[in-house]
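[1] Next input, structure requested:
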Amino acid sequence: MTLEANARRFSGFADLYDAVRPTPPRVFADVITAYAGGRPTVTVDLGSGTGLSTRWATAWSDEVIGVEPSDDMRRRAAEIAPTGQITYVAGWSNETGLASASADVVLAVQALHWMEPVSTFTEAARILRPGGVFAAIDCDWPPS
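    Now for the predicted structure:
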């Protein structure tokens, strides 16, 4: 399945997606900020969907950029919690359109399995500042 087909399969399901996806636990934020050396200035959330993980990251990062290819998902994310702390942009995990060395943390929360890994990791490395943190998180509910 192509990346475009993966993105299209979520069209029309933003409300359901948002209702059933879990929010990552606080302990993950503690681990990420410890590795980052403190509170990040900029965190990028790849495959941000309806913004669940993007909103979660606002508790521990000054600015969060959600990168999402689905117009439907980005629209829902902006409707739920429009805030100056979050920016949602159209893009792919391997083509974010963001500046090089612009992020302290790059996240892929319950989304990495939809991404082409080699080009995604290359893009994450490009947009991370030296010493930045890449975190791939997958959490189940109930915990398993």
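[2] Residue 81 touches residue 57, doesn't it?
    No: using CB atoms under 8 Å, residue 81 and residue 57 do not qualify as a contacting pair, with a distance of 11.8 Å. (Each C-beta comes from the backbone N, C-alpha and C, glycine too.)
[3] Neighbour count for these two, which is higher?
    residue 57 (28 against 14; other CB atoms under 10 Å).
[4] which stretches of this protein have low pLDDT?
    Scanning the chain for pLDDT under 70 picks out 1-22, 82, 140-144.
[5] so where do the strands sit in it?
    With DSSP state E as the definition, the chain shows strands at residue ranges 42-46, 63-68, 86-90, 103-109, 128-137.
[6] neighbouring contacts of the third one?
    It refers to strand 86-90. For strand 86-90, contacts defined as CB atoms under 8 Å, 6 or more residues apart in numbering pick out 48, 51, 54-55, 58, 63-69, 71, 74, 77-78, 96-98.
[7] In CSV, could you pull the C-alpha coordinates for that strand?
    Listed in CSV are the C-alpha atoms of strand 86-90, where the atom choice follows Å, rounded to 0.1, in the frame of the first residue of the first chain:
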residue,chain,number,x,y,z
ILE,A,86,0.3,24.1,18.4
THR,A,87,0.7,24.4,14.6
TYR,A,88,-0.6,21.8,12.2
VAL,A,89,1.0,21.5,8.8
ALA,A,90,0.3,19.3,5.8
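[8] Parallel or antiparallel, list what pairs with that strand.
    Here strand 86-90 is paired, per DSSP bridges, with strand 63-68 (parallel).
[9] And the residue nearest the centre of this protein?
    Nearest to the geometric centre of the chain sits residue 45, at 2.0 Å (CA atoms, centre = their mean).
[10] Enumerate every residue touching that residue.
    With contacts defined as CB under 8 Å, 6+ apart, the neighbours of residue 45 are 53, 54, 57, 64, 65, 66, 67, 107, 109.
[11] Swap in 6 Å and give it another go.
    Contact criterion CB atoms under 6 Å, 6 or more residues apart in numbering gives 53, 54, 66, 107 as the residues in contact with residue 45.
[12] ok, and the most crowded of the residues you listed?
    Once you tally neighbours by other CB under 10 Å, residue 107 ends up highest among these, having 31 neighbours.
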